[in-house]
Structures are given as C-alpha cells and as structure tokens.
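# the amino acid sequence is not available; the structure is as follows:
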C-alpha cells in the first residue's frame, strides 16, 4: 500500500477504515489512485464531518470514476440528478418485522443495482440528517466470505450464475393501484444474469460472492430448494460478525465502498426520528466470472464427482 497524505485507521480486522485529515473539497485527480487503492484494501472508507452539499458529494464521487445517474428507475435531486435522497425516517413497527432470517420488511442486505448489466463500481453515502440515536449502516464482506468457503464449495460457486430481477425489488409497483408509468418502466427492465462469483482483476484476481437478496431468489439451473439452501449458506458465511463493520453516522459523514465486494444494510432502530441519506455512484463494472480454465477443482471435489459415476 502506498503512502497517503491522510491518517488512515482500520476499524476491524477485516473491512473498514476511517480516513482523517481529508477534505473532499480539496481532493483532486492526483489523489484518485490513492483513494481507489484504499477502497481496494479496506472495502469501505469513512470520512467524518464533510460539507453536506450535494455538489461536493458529486465532485468527490467523480474522483473514483464517471458519476452515474442517481438510479436506473428513480429520479435524483432536482438540481443534482446524480444524487438519490433516501428518506428513511418514521420507522413503523411493521417495518422492523422479520421477513426472513436476515432481513426486515423495511430494509435488507443488498448490493446497489445488480439488476443492470454493468453494476456501479463505487457507492457513496452521505448523512444529511441523522436521528439522535440509531440508523447505523452496516457492511459485510463478500470477498472474505468467498475466501472462507471450503474448496469444494468455492469450485461449485465459481460455475454458477443467478438472474437478477428488478421486479422482485419493486413488486409494489406492479400492484393494480400503482402508477401506470412506473409499472410500464419496471416491466421494460430485462432480467439480467450475473455470475455468482465475480473476479476483480485490479485486486489481483480477488473473488467475491455476488449476493443480493433484493432481487435474487434462484440460481440458474438449480431447483428452488437447491437455490434457497445455497444462497442461505453463502449469506450465513457473509454475515458473521468477523466480516462486518458498523458505522454510527454524524451529519456530513461520507462512506465510499466497493459496491461489488460489500453488502450493506441499515438498522431500523431510530423510531419516528427523521433520517436523510444522500447517495451517489461512480464507475461501472461488467462482472467478470471465473473462467472455466481457471476454476479451482479440489481433490475432494474430484473424488466426490468420481464417486457419483
């Protein structure tokens, strides 16, 4: 890792670092490689007390790559179409009810926008308004989860892919009383197949699981039971405490992370208090699968396969 002009403090033994003595308004092209290297090393960076100006957030996102529209289907701020305003205050009791082992009805673990062919490379969040308590954002390491799998499971995952369906994420837009314009736009979005394991060549060929409970329910070629069992297993490997970091927001804080490598979620524990988070995204990545020539076949997997013949 190259030297940096800022103070960098690791937050856990796996992912997350706080970067101090950095003002996003004074970051320029010369700093881009250093910042990208830091994200590559730590997965997610946190910066305290930055100016809550959407224009500054957009400029900072531009250091990492071409700034993307706020969302494939939702509008951004009127004066800053690259910034999505996430109003997540006023949590209701039904929002916190569990809908499965890992997610609540009001939010869930996800990767941003895997339902488009080229996935955003970097995501950035900034706290514009924070509740007195609660509303933390959590991140989990999909690369660390892949590395922790046994060799036979890695070999199995390397050859699998999943359909990512945005219609699953916005199913309420398909209701009979929904806005017909939104329904039409949603139905025009194709289902996109993504590999279950993505390879990051810029990180030395590091492999990450590609999981997104928002819009993935099955694995291509597998039954519903097989899909559910494997996806659940991979999530369990990802969401252990040792592969997570949790950030308590203060106004102006920015988080920037590798959107392909990390799942993220937030805690619905702030009740009726308002919470406003701005998001920007930069760069785009066509997820690279593990090529068959480089797939790992362990001796134990080979023995298992030969014993089935």
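Now that the structure is in, tell me what you want to look at. Note that the coordinates shown come from a computational prediction; the quantities given were computed from them, not determined experimentally. Residues are numbered from 1 along each chain as shown.
# how long is stretch 188-196 from one end to the other?
Stretch 188-196 stretches 24 Å from its first residue to its last (C-alpha to C-alpha, to the nearest Å).
# ranges for the strands of the stretch 101-250 of the chain?
Here the stretch 101-250 of the chain has its strands, by DSSP state E, counting those that start in this stretch, at 118-129, 137-141, 161-164, 192-195, 197-200, 206-209, 244-247.
# listing partners with orientation, what would you give for the fourth one?
So that's strand 192-195. Strand pairing for strand 192-195, using DSSP bridges, gives strand 161-164 (antiparallel).
# what mean pLDDT would you report for the strand it pairs with?
Mean pLDDT, strand 161-164: 98.
# same question, stretch 107-125
Throughout stretch 107-125, pLDDT has a mean value of 96.
# that stretch: how far from the chain's middle?
5 Å (C-alpha atoms, centre = their mean, to the nearest Å).
# show me what counts as buried in it.
107-116, 119-125 (16 or more other C-beta atoms under 10 Å). Where you see a C-beta, it was placed from the backbone N, CA and C, and this is true even at glycine.
# equivalent analysis for stretch 77-93, please.
In stretch 77-93, counting by 16+ other C-beta under 10 Å, buried: 80, 82, 83, 84, 85, 88, 91.
# so of those residues, which two are at opposite extremes in space?
Based on C-beta to C-beta, the longest span within the buried residues of stretch 77-93 runs between 82 and 91 and measures 27.2 Å.
# residue 183 - how many residues pack around it?
Counted with other C-beta atoms under 10 Å, residues neighbouring residue 183 total 16.
# tell me who's in contact with it.
Counting by C-beta atoms under 8 Å, 6 or more residues apart in numbering, residue 183 touches 173, 174.
# change the start of the numbering to 30 and stick with it
Let's use 30 as the start, then, which means that last one is residue 212.
# so where is the chain shaky, pLDDT-wise?
Along the chain, segments meeting pLDDT under 70 span 30-31, 321-338.
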